[in-house]
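Colleague: mind looking at a prediction? Sequence and model below.
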Amino acid sequence: MESNNELNNLTCQINGHSNLKIIGFCIDPNCNSNNKFACQECFFDIHSGHKLMKLEKLNSIIQDKLKDYKTIVEDVKKKKELYDKYEKLQLGHLEELKQKIFGEIEAKINEYKEKIKRKLKGINNNDNKISMNIKNYEEYFVGNAAPVQRPDLLKLSEICSGIYKEKDSAMARNNNNERNNRIKQLYEETTKSNEDFLRAQYTSISRYLQQNFLISRYTFEWCRKTYGGYDFFYELINNNTKATKKMSQGTMTVLRSKEPLYDNHLYKFKFKIGLKNVGDYDVGIGTDKTGDSCWLRTKESICISNTGVINMDINMDNSIKLKDKDIVDLEINTKNGNKSFKGYINKKLVCLIDFDIKDNIFIMAAMRNVGSFIEVDSYEIIPLD
Ligand SMILES: [Zn+2]
Ligand SMILES: [Zn+2]
């Protein structure tokens, strides 16, 4: 036992008390002694008539406090570790995002440089063709700079004819104008395309920052980006945490986590269910491979639905049925080699399914009827060791 900090082996140090064992502690408000520890002699001496407590009792109070203190210290330590993990995870994600954005801009810059280079080369080639004759003329005399005895009159004649023919041609006259126009056009084209690119980047970044909710650690997006054509089927309220289907009877995914589940984490999500007029309604996880109208009753998904707990397209328990106003808690453990899906309806455990889906897995919700909704109430993601 932890005898080091226990009070059971103290002896009295008062003269004449023969190192007797301390057995009590004075708690008397009128006691004037600085030494509150008492042996059996002290009872009749310094602490005579005082209110005393058994030493074991004091010891047990102190040990209890010590235990509480250690628990708190341990708790703080654990919280700190968890926080560090979150921080690392977040910084990693932000770094990835930064690299992705920078990479795209870098690629655009290179593309722009290449395009300009290519076009200017084209313009120069064209200019060269146009001025070929006069250029040849100049070169002819450079090449024959020494006093020429017998100039190649045939060649010179050919060059001169070319120049003469070009003399009146619109192409030659407009040569300069045309080149300037081409360069101007190139400038305008690339400027517009760069501006469009930057605008698109800005839009997507600001949408990332504003439209998605649950930004801090794990972001969901309503299907706007992934299922581009479906954004008009639902509307977002409550600071984008709630999506209500407002159009088109047909089962489709309304909510999907922005990122796939990472390995070695525990994901805890609490959803509020709004299920109008029965209709399909699924909350769970899946690979997102079945296309635009992807929903969760496929061979690569697990969900709790209005018709039962469905695991890889098989209804495991049709006595479980999601209803309007239910609260669904999902606990998804992605520990390597030991992945599990735990579902609760109104705090009652309704399923525990081990899974081993190889592809990227997303958290999703799909529904059929207009008026149905899903709301993310809270979430927590805990990195595992
Ligand atoms: Zn004593
Ligand atoms: Zn006393």
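Modeller: Structure's in. What do you need? Ligands and ions are numbered 1, 2, ... in the order given.

Colleague: what segments of this structure are helices?
Modeller: 55-130, 132-143, 153-166, 170-173, 175-210 (DSSP state H).

Colleague: and these, which one is worst for confidence?
Modeller: Lowest mean pLDDT within these: helix 170-173, a mean of 54.

Colleague: could the helices of the chain go into JSON lines alongside distance to ligand 2 and mean neighbour count?
Modeller: C-betas here are computed from N, CA, C, even on glycine. As requested, these are exported to JSON lines (distance: least, C-beta to the ion, whole Å; neighbours: other C-beta atoms under 10 Å):
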{"stretch": "helix 55-130", "distance to ligand 2": "14", "mean neighbour count": "12"}
{"stretch": "helix 132-143", "distance to ligand 2": "118", "mean neighbour count": "13"}
{"stretch": "helix 153-166", "distance to ligand 2": "124", "mean neighbour count": "13"}
{"stretch": "helix 170-173", "distance to ligand 2": "119", "mean neighbour count": "12"}
{"stretch": "helix 175-210", "distance to ligand 2": "68", "mean neighbour count": "12"}
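
Colleague: let me have those in a markdown table, adding distance to Gln249 as columns.
Modeller: Shown next, in a markdown table, are those (distance: least, C-beta to C-beta, whole Å):
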| stretch | distance to Gln249 |
| --- | --- |
| helix 55-130 | 37 |
| helix 132-143 | 70 |
| helix 153-166 | 72 |
| helix 170-173 | 65 |
| helix 175-210 | 28 |
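
Colleague: which one of those lies nearest to Val254?
Modeller: Ranking the helices of the chain by their distance to Val254 (criterion: C-beta to C-beta) puts helix 175-210 first, at 17.6 Å.

Colleague: could you tell me the end-to-end distance of stretch 324-338?
Modeller: 32 Å (C-alpha to C-alpha, to the nearest Å).

Colleague: go through that stretch and flag the buried ones.
Modeller: 326, 328-334 (16 or more other C-beta atoms under 10 Å).

Colleague: which one of these is nearest to Lys108?
Modeller: Thr334 (35.3 Å).

Colleague: didn't that closest one look like it was pressed against Phe341?
Modeller: No - Thr334 lies out of contact with Phe341 (C-beta atoms under 8 Å); the separation is 9.9 Å.

Colleague: and the chain, what are its domains?
Modeller: 101-215, 218-383 (automatic domain parsing).

Colleague: CSV for those domains, including distance to Thr11?
Modeller: Shown next, in CSV, are those (distance: least, C-beta to C-beta, whole Å):
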stretch, distance to Thr11
domain 101-215, 63
domain 218-383, 51
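
Colleague: would you tell me which of these gets closest to ligand 1?
Modeller: Smallest distance to ligand 1 across the domains of the chain (C-beta to the ion): 54.9 Å, for domain 218-383.

Colleague: so what's the gap between that closest one and the chain middle?
Modeller: 18 Å (C-alpha atoms, centre = their mean, to the nearest Å).

Colleague: close to ligand 1: what parts of the chain are there?
Modeller: 12, 14, 17, 39, 41-42 (C-beta under 5 Å from the ion).

Colleague: now those residues as TSV including pLDDT?
Modeller: TSV is the format used below for the residues of the chain next to ligand 1 (pLDDT from 0 to 100):
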residue	pLDDT
Cys12	94
Ile14	92
His17	92
Cys39	95
Glu41	94
Cys42	94
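
Colleague: only whichever of those residues are buried, select them in ChimeraX.
Modeller: Entered in ChimeraX, the line below selects the buried ones among those, by 16+ other C-beta under 10 Å:
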select :12,14,17,39,42
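
Colleague: for the residues of the chain next to ligand 1, which one is nearest Glu189?
Modeller: Distances from Glu189 to these, taken by C-beta to C-beta, are shortest for Cys12, at 99.3 Å.

Colleague: any chance of the backbone angles for the nearest residue to that closest one once chain neighbours are set aside?
Modeller: Spatial nearest neighbour of Cys12, chain neighbours left out: Cys39 (3.5 Å); criterion: C-beta to C-beta, 6 or more residues apart in numbering. For Cys39, the backbone dihedrals (degrees, to the nearest 10) come out as phi -100, psi -180.

Colleague: contacting residues around Cys39?
Modeller: With contact set as C-beta atoms under 8 Å, 6 or more residues apart in numbering, Cys39 has these partners: 11-12, 14, 17, 20-24.

Colleague: do a quick rundown of the strands in the stretch 201-350 of the chain.
Modeller: If DSSP state E, counting those that start in this stretch is used as the criterion, the strands of the stretch 201-350 of the chain fall at 220-222, 234-237, 242-245, 252-257, 265-274, 281-286, 301-305, 309-311, 314-317, 327-333, 340-345, 348-354.

Colleague: by contact count, what packs against the last one?
Modeller: Contacts of strand 348-354 with other secondary structure elements, assessed using 3 or more C-beta pairs under 8 Å, 6 or more residues apart in numbering; DSSP states H and E, are made with strand 301-305, strand 309-311, strand 314-317, strand 340-345.
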